[in-house]
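1. this is a predicted model, with the sequence first.
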Amino acid sequence: MKKIFKILFINIAIFTGMIASIELSLNLAKFIRNKVKYSESVISNAIQTGKTISTERHKLVFHPGVGHSHQLNDFRKNINTSELSFDNLSATEVFQNDDDFSSQFKVLTLGGSTTDPLGTQFSGFRGTWVHHLFDGISQNNFSRYLVENAGSAGATSSNELLRLITKFHSNKYDLVISFNGINEIYFYWNPYLRNKENVLASNMLLRGINSGVIKGLEGKTFKIERTFPSNLIGYIKESTTFKQLSKLKTNFLSKKTLNPNLTKKELGVHNISKEEKELLAYSAGIWEKNIKFMNSASLAMNSKYLVILQPTLGLNKDYCKIINENCLILDRKDYPKYLARIRYLYSILRELCSTKNYCLDISNDLALTIDDSLYTDARHPNNEGNKRIADLIRERVTQMLGM
(Lines give C-alpha, C1' and ligand atoms only; values in the text may rest on other atoms or scores of the structure.)
Protein backbone atom coordinates (compact mmCIF):
# COMPACT_ATOMS: atom_id res chain seq x y z
CA MET A 1 0.00 0.00 0.00
CA LYS A 2 2.85 2.41 0.89
CA LYS A 3 4.43 1.69 -2.48
CA ILE A 4 1.18 2.57 -4.26
CA PHE A 5 0.87 5.86 -2.35
CA LYS A 6 4.50 6.65 -3.09
CA ILE A 7 4.01 6.08 -6.82
CA LEU A 8 0.78 8.10 -6.75
CA PHE A 9 2.51 10.96 -4.93
CA ILE A 10 5.39 10.98 -7.41
CA ASN A 11 2.98 11.04 -10.39
CA ILE A 12 0.98 13.90 -8.89
CA ALA A 13 4.17 15.85 -8.21
CA ILE A 14 5.37 15.29 -11.78
CA PHE A 15 1.98 16.29 -13.22
CA THR A 16 1.83 19.43 -11.01
CA GLY A 17 5.36 20.33 -12.04
CA MET A 18 4.46 19.95 -15.72
CA ILE A 19 1.41 22.21 -15.34
CA ALA A 20 3.44 24.81 -13.45
CA SER A 21 6.17 24.69 -16.08
CA ILE A 22 3.67 25.19 -18.89
CA GLU A 23 2.06 28.16 -17.10
CA LEU A 24 5.48 29.62 -16.35
CA SER A 25 6.53 29.25 -19.98
CA LEU A 26 3.33 30.86 -21.25
CA ASN A 27 3.67 33.82 -18.89
CA LEU A 28 7.34 34.16 -19.70
CA ALA A 29 6.58 34.13 -23.41
CA LYS A 30 3.94 36.82 -22.90
CA PHE A 31 6.37 38.89 -20.84
CA ILE A 32 9.08 38.63 -23.49
CA ARG A 33 6.60 39.38 -26.29
CA ASN A 34 5.42 42.52 -24.50
CA LYS A 35 8.99 43.64 -23.90
CA VAL A 36 9.77 43.17 -27.55
CA LYS A 37 6.63 45.02 -28.60
CA TYR A 38 7.31 47.87 -26.19
CA SER A 39 10.88 48.22 -27.47
CA GLU A 40 9.98 48.01 -31.16
CA SER A 41 10.45 51.70 -31.90
CA VAL A 42 13.71 51.77 -29.97
CA ILE A 43 15.14 48.82 -31.88
CA SER A 44 14.02 50.10 -35.27
CA ASN A 45 15.65 53.45 -34.60
CA ALA A 46 18.83 51.74 -33.47
CA ILE A 47 18.98 49.79 -36.71
CA GLN A 48 18.43 52.95 -38.76
CA THR A 49 21.10 54.92 -36.97
CA GLY A 50 23.56 52.09 -36.38
CA LYS A 51 23.89 53.15 -32.74
CA THR A 52 23.43 51.37 -29.45
CA ILE A 53 20.39 52.43 -27.43
CA SER A 54 19.72 51.57 -23.82
CA THR A 55 16.15 50.48 -23.06
CA GLU A 56 16.57 50.63 -19.29
CA ARG A 57 14.03 52.44 -17.16
CA HIS A 58 15.01 55.83 -15.79
CA LYS A 59 17.34 55.76 -12.77
CA LEU A 60 16.17 58.89 -10.99
CA VAL A 61 17.74 60.21 -7.81
CA PHE A 62 16.99 62.76 -5.09
CA HIS A 63 17.69 66.36 -6.12
CA PRO A 64 17.63 68.96 -3.31
CA GLY A 65 16.18 71.70 -5.51
CA VAL A 66 13.47 70.01 -7.54
CA GLY A 67 12.82 66.68 -5.80
CA HIS A 68 14.20 64.19 -8.31
CA SER A 69 16.41 64.26 -11.37
CA HIS A 70 18.81 62.32 -13.55
CA GLN A 71 22.52 62.21 -12.81
CA LEU A 72 25.11 63.77 -15.12
CA ASN A 73 26.37 60.31 -15.96
CA ASP A 74 22.91 59.38 -17.28
CA PHE A 75 23.17 62.19 -19.83
CA ARG A 76 26.72 61.18 -20.75
CA LYS A 77 25.74 57.58 -21.45
CA ASN A 78 22.42 58.10 -23.21
CA ILE A 79 22.62 58.35 -26.99
CA ASN A 80 19.95 61.06 -27.06
CA THR A 81 22.06 63.46 -25.01
CA SER A 82 25.70 62.31 -25.04
CA GLU A 83 26.65 64.87 -27.69
CA LEU A 84 24.61 67.72 -26.19
CA SER A 85 25.31 70.17 -23.39
CA PHE A 86 23.50 69.25 -20.17
CA ASP A 87 23.20 69.58 -16.42
CA ASN A 88 21.33 67.38 -13.92
CA LEU A 89 18.00 68.93 -14.92
CA SER A 90 18.11 69.30 -18.69
CA ALA A 91 19.83 68.76 -22.02
CA THR A 92 20.10 71.49 -24.67
CA GLU A 93 19.76 70.66 -28.35
CA VAL A 94 20.55 73.20 -31.07
CA PHE A 95 18.43 73.22 -34.22
CA GLN A 96 19.81 75.03 -37.28
CA ASN A 97 23.54 74.79 -36.61
CA ASP A 98 24.56 76.76 -39.68
CA ASP A 99 26.04 80.17 -38.98
CA ASP A 100 23.73 81.71 -41.56
CA PHE A 101 20.65 82.27 -39.37
CA SER A 102 18.44 85.33 -39.21
CA SER A 103 17.27 85.10 -35.58
CA GLN A 104 17.66 82.93 -32.51
CA PHE A 105 15.10 81.66 -30.02
CA LYS A 106 15.67 79.99 -26.68
CA VAL A 107 13.00 77.55 -25.55
CA LEU A 108 12.48 75.59 -22.33
CA THR A 109 10.37 72.43 -22.42
CA LEU A 110 8.90 70.80 -19.30
CA GLY A 111 7.00 67.58 -18.81
CA GLY A 112 7.12 63.97 -17.66
CA SER A 113 8.54 60.83 -19.24
CA THR A 114 7.02 61.63 -22.65
CA THR A 115 9.11 64.81 -22.72
CA ASP A 116 12.22 63.44 -20.96
CA PRO A 117 15.23 63.70 -23.32
CA LEU A 118 16.51 60.35 -22.02
CA GLY A 119 13.33 58.58 -23.13
CA THR A 120 14.98 56.18 -25.57
CA GLN A 121 13.09 53.24 -24.09
CA PHE A 122 9.86 54.81 -25.31
CA SER A 123 10.61 56.76 -28.49
CA GLY A 124 14.04 55.67 -29.68
CA PHE A 125 16.85 57.87 -30.94
CA ARG A 126 15.83 61.54 -30.88
CA GLY A 127 12.20 60.48 -31.04
CA THR A 128 10.59 62.76 -28.45
CA TRP A 129 7.92 65.26 -29.47
CA VAL A 130 10.39 68.01 -28.54
CA HIS A 131 12.93 66.85 -31.12
CA HIS A 132 10.33 66.28 -33.85
CA LEU A 133 8.71 69.67 -33.20
CA PHE A 134 11.82 71.81 -33.49
CA ASP A 135 13.47 69.67 -36.11
CA GLY A 136 10.42 70.33 -38.28
CA ILE A 137 10.17 74.04 -37.46
CA SER A 138 13.87 74.70 -38.08
CA GLN A 139 13.71 73.18 -41.56
CA ASN A 140 11.15 75.73 -42.68
CA ASN A 141 13.01 78.94 -41.81
CA PHE A 142 16.42 80.41 -41.14
CA SER A 143 16.08 80.81 -37.36
CA ARG A 144 18.16 78.98 -34.79
CA TYR A 145 16.49 77.26 -31.83
CA LEU A 146 18.27 76.51 -28.57
CA VAL A 147 15.89 74.03 -26.93
CA GLU A 148 16.57 73.20 -23.31
CA ASN A 149 14.60 70.07 -22.48
CA ALA A 150 14.00 69.81 -18.72
CA GLY A 151 11.38 67.07 -18.94
CA SER A 152 11.77 64.30 -16.36
CA ALA A 153 10.03 60.98 -15.88
CA GLY A 154 7.47 61.07 -13.09
CA ALA A 155 7.14 64.86 -13.11
CA THR A 156 3.85 66.49 -12.21
CA SER A 157 2.93 70.12 -12.82
CA SER A 158 4.34 70.82 -9.34
CA ASN A 159 7.74 69.46 -10.35
CA GLU A 160 7.58 71.46 -13.58
CA LEU A 161 6.91 74.63 -11.57
CA LEU A 162 9.98 74.02 -9.42
CA ARG A 163 12.14 73.33 -12.47
CA LEU A 164 10.87 76.45 -14.22
CA ILE A 165 11.68 78.72 -11.29
CA THR A 166 15.08 77.07 -10.86
CA LYS A 167 15.91 77.54 -14.54
CA PHE A 168 14.78 81.19 -14.49
CA HIS A 169 17.46 81.94 -11.93
CA SER A 170 20.16 81.43 -14.55
CA ASN A 171 18.47 81.63 -17.96
CA LYS A 172 16.12 83.68 -20.12
CA TYR A 173 13.69 82.07 -22.54
CA ASP A 174 11.57 83.30 -25.40
CA LEU A 175 9.09 80.49 -24.86
CA VAL A 176 8.31 77.95 -22.14
CA ILE A 177 6.31 74.86 -23.13
CA SER A 178 4.79 72.60 -20.50
CA PHE A 179 3.46 69.22 -21.67
CA ASN A 180 1.41 67.52 -18.98
CA GLY A 181 -1.88 66.11 -17.75
CA ILE A 182 -1.58 62.38 -17.20
CA ASN A 183 0.79 62.52 -14.20
CA GLU A 184 -1.65 64.72 -12.31
CA ILE A 185 -3.32 61.49 -11.26
CA TYR A 186 -0.42 61.07 -8.81
CA PHE A 187 -2.20 63.59 -6.60
CA TYR A 188 -5.02 61.05 -6.48
CA TRP A 189 -2.87 57.94 -6.10
CA ASN A 190 -0.33 59.11 -3.53
CA PRO A 191 -1.90 59.80 -0.11
CA TYR A 192 1.08 61.97 0.89
CA LEU A 193 0.36 64.36 -1.98
CA ARG A 194 -3.10 64.92 -0.53
CA ASN A 195 -1.42 66.85 2.27
CA LYS A 196 -0.95 70.34 0.85
CA GLU A 197 2.31 70.70 2.76
CA ASN A 198 3.68 68.14 0.28
CA VAL A 199 1.91 69.42 -2.82
CA LEU A 200 5.15 70.55 -4.51
CA ALA A 201 6.98 67.36 -3.58
CA SER A 202 8.18 64.76 -6.05
CA ASN A 203 5.94 61.70 -6.18
CA MET A 204 9.01 59.51 -6.72
CA LEU A 205 10.83 61.08 -3.78
CA LEU A 206 7.82 60.57 -1.51
CA ARG A 207 7.71 56.92 -2.52
CA GLY A 208 11.42 56.61 -1.76
CA ILE A 209 11.00 58.19 1.65
CA ASN A 210 8.07 55.91 2.36
CA SER A 211 10.15 52.83 1.51
CA GLY A 212 12.94 54.08 3.77
CA VAL A 213 15.71 54.64 1.24
CA ILE A 214 16.66 57.24 -1.36
CA LYS A 215 19.65 57.70 -3.64
CA GLY A 216 21.39 61.05 -3.97
CA LEU A 217 23.04 62.87 -6.87
CA GLU A 218 26.51 61.57 -6.03
CA GLY A 219 25.31 57.98 -5.95
CA LYS A 220 25.21 57.76 -2.16
CA THR A 221 22.37 55.84 -0.55
CA PHE A 222 20.49 57.39 2.35
CA LYS A 223 18.40 55.70 5.01
CA ILE A 224 15.26 57.53 6.09
CA GLU A 225 14.33 57.67 9.76
CA ARG A 226 10.89 59.18 10.13
CA THR A 227 9.71 60.71 13.36
CA PHE A 228 6.27 61.71 12.07
CA PRO A 229 5.29 59.17 9.38
CA SER A 230 1.87 60.67 8.72
CA ASN A 231 3.39 63.86 7.31
CA LEU A 232 6.66 62.36 6.08
CA ILE A 233 8.57 64.69 8.38
CA GLY A 234 11.83 63.30 9.68
CA TYR A 235 15.53 63.36 9.13
CA ILE A 236 17.84 61.72 6.64
CA LYS A 237 21.29 60.35 7.34
CA GLU A 238 23.82 58.74 5.05
CA SER A 239 23.99 54.99 5.48
CA THR A 240 27.30 53.32 4.75
CA THR A 241 26.10 49.82 5.52
CA PHE A 242 22.46 50.11 4.50
CA LYS A 243 21.51 47.74 1.70
CA GLN A 244 18.60 48.45 -0.55
CA LEU A 245 15.68 46.45 0.73
CA SER A 246 13.93 45.90 -2.55
CA LYS A 247 15.33 44.57 -5.81
CA LEU A 248 13.88 44.79 -9.28
CA LYS A 249 11.18 42.17 -9.57
CA THR A 250 9.75 40.81 -12.75
CA ASN A 251 6.01 40.69 -12.34
CA PHE A 252 5.01 38.60 -15.32
CA LEU A 253 3.77 35.78 -13.06
CA SER A 254 1.45 38.14 -11.19
CA LYS A 255 -0.08 39.76 -14.27
CA LYS A 256 -3.74 39.08 -14.78
CA THR A 257 -4.53 37.30 -17.99
CA LEU A 258 -7.28 38.63 -20.20
CA ASN A 259 -10.65 37.16 -19.34
CA PRO A 260 -12.00 35.57 -22.54
CA ASN A 261 -15.53 36.26 -21.35
CA LEU A 262 -14.90 40.00 -21.09
CA THR A 263 -17.18 42.05 -23.30
CA LYS A 264 -16.46 45.44 -24.76
CA LYS A 265 -19.09 46.97 -22.48
CA GLU A 266 -17.01 45.99 -19.45
CA LEU A 267 -13.88 47.79 -20.60
CA GLY A 268 -13.37 50.82 -18.40
CA VAL A 269 -16.59 50.22 -16.48
CA HIS A 270 -16.10 51.51 -12.95
CA ASN A 271 -18.50 53.62 -11.00
CA ILE A 272 -16.64 56.65 -9.69
CA SER A 273 -17.49 57.19 -6.02
CA LYS A 274 -18.06 60.61 -4.49
CA GLU A 275 -14.74 60.39 -2.65
CA GLU A 276 -12.91 59.51 -5.88
CA LYS A 277 -14.48 62.44 -7.68
CA GLU A 278 -13.43 64.80 -4.91
CA LEU A 279 -9.83 63.55 -5.02
CA LEU A 280 -9.68 63.76 -8.81
CA ALA A 281 -11.12 67.27 -8.67
CA TYR A 282 -8.44 68.08 -6.07
CA SER A 283 -5.79 66.78 -8.52
CA ALA A 284 -7.17 68.95 -11.31
CA GLY A 285 -7.23 71.95 -8.99
CA ILE A 286 -3.54 71.54 -8.19
CA TRP A 287 -2.81 71.39 -11.93
CA GLU A 288 -4.75 74.61 -12.56
CA LYS A 289 -2.92 76.51 -9.84
CA ASN A 290 0.46 75.25 -11.01
CA ILE A 291 -0.05 76.28 -14.64
CA LYS A 292 -1.24 79.71 -13.43
CA PHE A 293 1.95 80.01 -11.39
CA MET A 294 4.06 78.95 -14.38
CA ASN A 295 2.31 81.42 -16.66
CA SER A 296 2.77 84.24 -14.12
CA ALA A 297 6.44 83.39 -13.57
CA SER A 298 7.02 83.31 -17.33
CA LEU A 299 5.35 86.69 -17.84
CA ALA A 300 7.42 88.14 -15.01
CA MET A 301 10.56 87.00 -16.83
CA ASN A 302 9.34 88.29 -20.23
CA SER A 303 8.78 84.78 -21.57
CA LYS A 304 5.74 83.41 -23.35
CA TYR A 305 4.13 80.34 -21.80
CA LEU A 306 2.17 77.48 -23.35
CA VAL A 307 0.79 74.46 -21.53
CA ILE A 308 -0.28 71.49 -23.64
CA LEU A 309 -2.84 69.08 -22.26
CA GLN A 310 -1.39 65.81 -23.44
CA PRO A 311 -3.34 62.91 -24.95
CA THR A 312 -3.21 59.33 -23.69
CA LEU A 313 -4.69 55.99 -24.64
CA GLY A 314 -8.21 55.24 -23.49
CA LEU A 315 -9.59 58.77 -23.19
CA ASN A 316 -11.91 58.14 -26.10
CA LYS A 317 -14.60 55.59 -25.28
CA ASP A 318 -14.17 54.05 -28.73
CA TYR A 319 -10.80 52.72 -27.57
CA CYS A 320 -10.38 48.96 -27.72
CA LYS A 321 -13.90 48.19 -28.89
CA ILE A 322 -12.61 44.86 -30.12
CA ILE A 323 -10.84 43.44 -27.10
CA ASN A 324 -7.69 41.55 -27.97
CA GLU A 325 -4.05 41.22 -26.97
CA ASN A 326 -3.16 44.41 -28.85
CA CYS A 327 -5.07 46.61 -26.41
CA LEU A 328 -2.11 48.03 -24.50
CA ILE A 329 -4.27 49.39 -21.71
CA LEU A 330 -5.15 45.83 -20.74
CA ASP A 331 -1.62 45.27 -19.47
CA ARG A 332 -2.68 47.26 -16.42
CA LYS A 333 -4.21 45.03 -13.77
CA ASP A 334 -6.62 47.78 -12.70
CA TYR A 335 -7.59 48.97 -16.18
CA PRO A 336 -11.36 49.38 -15.54
CA LYS A 337 -10.68 51.64 -12.54
CA TYR A 338 -7.72 53.34 -14.23
CA LEU A 339 -9.67 54.23 -17.37
CA ALA A 340 -12.66 55.52 -15.44
CA ARG A 341 -10.46 57.68 -13.20
CA ILE A 342 -8.25 59.07 -15.94
CA ARG A 343 -11.31 59.91 -18.04
CA TYR A 344 -12.96 61.71 -15.14
CA LEU A 345 -9.75 63.60 -14.36
CA TYR A 346 -9.43 64.70 -17.98
CA SER A 347 -13.05 65.82 -18.13
CA ILE A 348 -12.11 68.43 -15.51
CA LEU A 349 -8.70 69.25 -16.99
CA ARG A 350 -10.25 69.87 -20.40
CA GLU A 351 -12.80 72.26 -18.97
CA LEU A 352 -10.11 74.17 -17.06
CA CYS A 353 -7.85 74.26 -20.11
CA SER A 354 -10.62 75.75 -22.25
CA THR A 355 -10.68 78.83 -20.01
CA LYS A 356 -6.95 79.58 -20.48
CA ASN A 357 -5.63 81.29 -23.61
CA TYR A 358 -2.22 79.79 -22.86
CA CYS A 359 -3.53 76.19 -22.80
CA LEU A 360 -3.65 73.99 -25.91
CA ASP A 361 -5.79 70.86 -25.56
CA ILE A 362 -4.75 68.01 -27.86
CA SER A 363 -6.15 65.32 -25.55
CA ASN A 364 -9.15 64.87 -27.85
CA ASP A 365 -7.08 63.79 -30.85
CA LEU A 366 -8.76 60.59 -32.00
CA ALA A 367 -5.64 58.74 -33.15
CA LEU A 368 -3.71 59.48 -29.97
CA THR A 369 -6.55 58.23 -27.78
CA ILE A 370 -7.43 54.97 -29.57
CA ASP A 371 -4.52 53.91 -31.82
CA ASP A 372 -2.19 51.48 -30.02
CA SER A 373 0.28 51.56 -32.90
CA LEU A 374 1.25 55.10 -31.82
CA TYR A 375 2.27 53.93 -28.35
CA THR A 376 5.08 51.95 -26.77
CA ASP A 377 2.96 51.16 -23.75
CA ALA A 378 -0.35 52.35 -22.33
CA ARG A 379 1.02 55.75 -21.26
CA HIS A 380 3.95 56.52 -23.59
CA PRO A 381 3.78 57.47 -27.29
CA ASN A 382 6.40 55.92 -29.52
CA ASN A 383 8.38 57.67 -32.25
CA GLU A 384 5.38 57.87 -34.60
CA GLY A 385 3.08 59.01 -31.81
CA ASN A 386 5.47 61.82 -30.93
CA LYS A 387 5.61 62.88 -34.58
CA ARG A 388 1.85 63.27 -34.52
CA ILE A 389 2.03 65.28 -31.30
CA ALA A 390 4.60 67.58 -32.91
CA ASP A 391 2.33 68.04 -35.94
CA LEU A 392 -0.60 69.00 -33.70
CA ILE A 393 1.26 71.72 -31.81
CA ARG A 394 3.63 73.07 -34.49
CA GLU A 395 1.30 75.81 -35.76
CA ARG A 396 0.63 77.19 -32.27
CA VAL A 397 4.30 77.19 -31.32
CA THR A 398 5.26 78.85 -34.60
CA GLN A 399 2.71 81.61 -33.99
CA MET A 400 3.95 82.22 -30.45
CA LEU A 401 7.51 82.61 -31.68
CA GLY A 402 6.23 85.27 -34.10
CA MET A 403 7.08 83.47 -37.28
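-> Looks like it arrived, so ask away. What you see is a predicted model; the values in this text were computed from it and never measured.
2. going along the chain, name the helices of the stretch 251-400 of the chain.
-> 274-300, 335-353, 367-370, 383-400 (DSSP state H, counting those that start in this stretch).
3. so for residue 96, which of these sits nearest?
-> With CB to CB as the measure, helix 383-400 is the member of the helices of the stretch 251-400 of the chain nearest residue 96 (14.1 Å). Using the backbone N, CA and C atoms, a C-beta is placed for each residue, glycine as well.
4. what does that closest one contact?
-> Helix 383-400 has contacts (CB atoms under 8 Å, 6 or more residues apart in numbering) with 41, 44-45, 114, 123-124, 127-129, 131-133, 136-137, 175, 177, 304, 306, 308, 310-311, 360, 362, 365, 367-368, 373-376, 381.
5. ok, residue 146 - contacts?
-> The contact partners of residue 146, by CB under 8 Å, 6+ apart, come to 92, 94, 104-107.
6. so it belongs to a strand, correct?
-> Yes - counting by DSSP: H, G, I helix; E, B strand; the rest coil, residue 146 falls inside a strand.
7. for the stretch 51-200 of the chain, give me the ranges with low pLDDT.
-> For the stretch 51-200 of the chain, the stretches flagged by pLDDT under 70 are 51-58, 97.
8. cutoff 90 now
-> The model of the stretch 51-200 of the chain has pLDDT under 90 over residues 51-62, 64, 96-103, 119-121, 139-142, 194-196.
9. re the thing from before, buried only: go through the contacts of residue 146 for me.
-> Using 16 or more other CB atoms under 10 Å as the burial test, these include 92, 105-107 as buried.
10. now, the contacts of helix 383-400 that are in strands?
-> 175, 177, 304, 306, 308, 360, 375-376, 381 (DSSP state E).
11. re earlier: switch the helices of the stretch 251-400 of the chain over to CSV; also include mean pLDDT, distance to residue 194 and mean neighbour count.
-> Output for the helices of the stretch 251-400 of the chain, formatted as CSV (pLDDT from 0 to 100; distance: least, CB to CB, whole Å; neighbours: other CB atoms under 10 Å):
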stretch, mean pLDDT, distance to residue 194, mean neighbour count
helix 274-300, 97, 7, 17
helix 335-353, 94, 15, 20
helix 367-370, 94, 28, 19
helix 383-400, 97, 31, 18
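12. hmm, residue 350 is touching residue 363, no?
-> Yes - Residue 350 lies in contact with residue 363 (CB atoms under 8 Å); the separation is 6.3 Å.
13. and for the two, which residues touch both?
-> Common neighbours of residue 350 and residue 363 (CB under 8 Å, 6+ apart) are residue 309.
14. circling back: quick one, which of the helices of the stretch 251-400 of the chain is nearest to residue 151?
-> Of all those, helix 383-400 sits nearest to residue 151, with 11.9 Å by CB to CB.
15. now do that closest one against strand 304-309, angle only.
-> 150 degrees (axes from the mean of the first three to the mean of the last three CA atoms, to 10 degrees).
16. before we move on, the earlier item: just the buried ones out of the contacts of helix 383-400, please.
-> Using 16+ other CB under 10 Å as the burial test, these include 41, 45, 114, 123-124, 127-129, 131-133, 136-137, 175, 177, 304, 306, 308, 310-311, 360, 362, 365, 368, 374-376, 381 as buried.
17. redo the helices of the stretch 251-400 of the chain as CSV? Include distance to residue 184.
-> Below are these laid out as CSV (distance: least, CB to CB, whole Å):
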stretch, distance to residue 184
helix 274-300, 5
helix 335-353, 7
helix 367-370, 17
helix 383-400, 18
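18. now, which of the contacts of residue 146 sits nearest residue 276?
-> Nearest to residue 276 out of these is residue 107 (CB to CB; 37.3 Å).
19. is it correct that that closest one is in contact with residue 175?
-> Yes - taking CB under 8 Å as the definition, residue 107 is a contact partner of residue 175 at 4.8 Å.
20. find residues that contact each of the two.
-> Common neighbours of residue 107 and residue 175, counting by CB under 8 Å, 6+ apart, are absent.
21. which residue sits closest to residue 205, ignoring its sequence neighbours?
-> Leaving aside its chain neighbours, residue 205 sits nearest to residue 67 (4.8 Å; criterion: CB to CB, 6 or more residues apart in numbering).
22. repeat for residue 320
-> Nearest residue to residue 320, sequence neighbours excluded (CB to CB, 6+ apart): residue 327, at 4.0 Å.
23. is the one you found in contact with residue 370, as I believe?
-> No - assessed by CB under 8 Å, residue 327 is found out of contact with residue 370, at 10.0 Å.
24. any residues in contact with both of these two?
-> 319-320.
25. ok, now which ones touch the closest residue to residue 360 other than its chain neighbours?
-> Excluding the flanking residues, the one nearest residue 360 by CB to CB, 6+ apart is residue 308, at 4.9 Å. For residue 308, the contacting residues are 177-180, 359-362, 393, by CB under 8 Å, 6+ apart.
26. and if you look at residue 202?
-> Applying CB under 8 Å, 6+ apart, we find residue 202 in contact with 66-68, 154-155, 159.
27. now with 7 Å, please.
-> Going by CB atoms under 7 Å, 6 or more residues apart in numbering, residue 202 touches 67-68, 159.
28. coming back round to it: farthest pair within the ones in strands among the contacts of helix 383-400?
-> Greatest spatial distance among these (CB to CB): 304 and 376, at 30.9 Å.
29. returning to that earlier point: just the pLDDT at the residue nearest to residue 360, thanks.
-> Model confidence at residue 308, expressed as pLDDT, equals 98.
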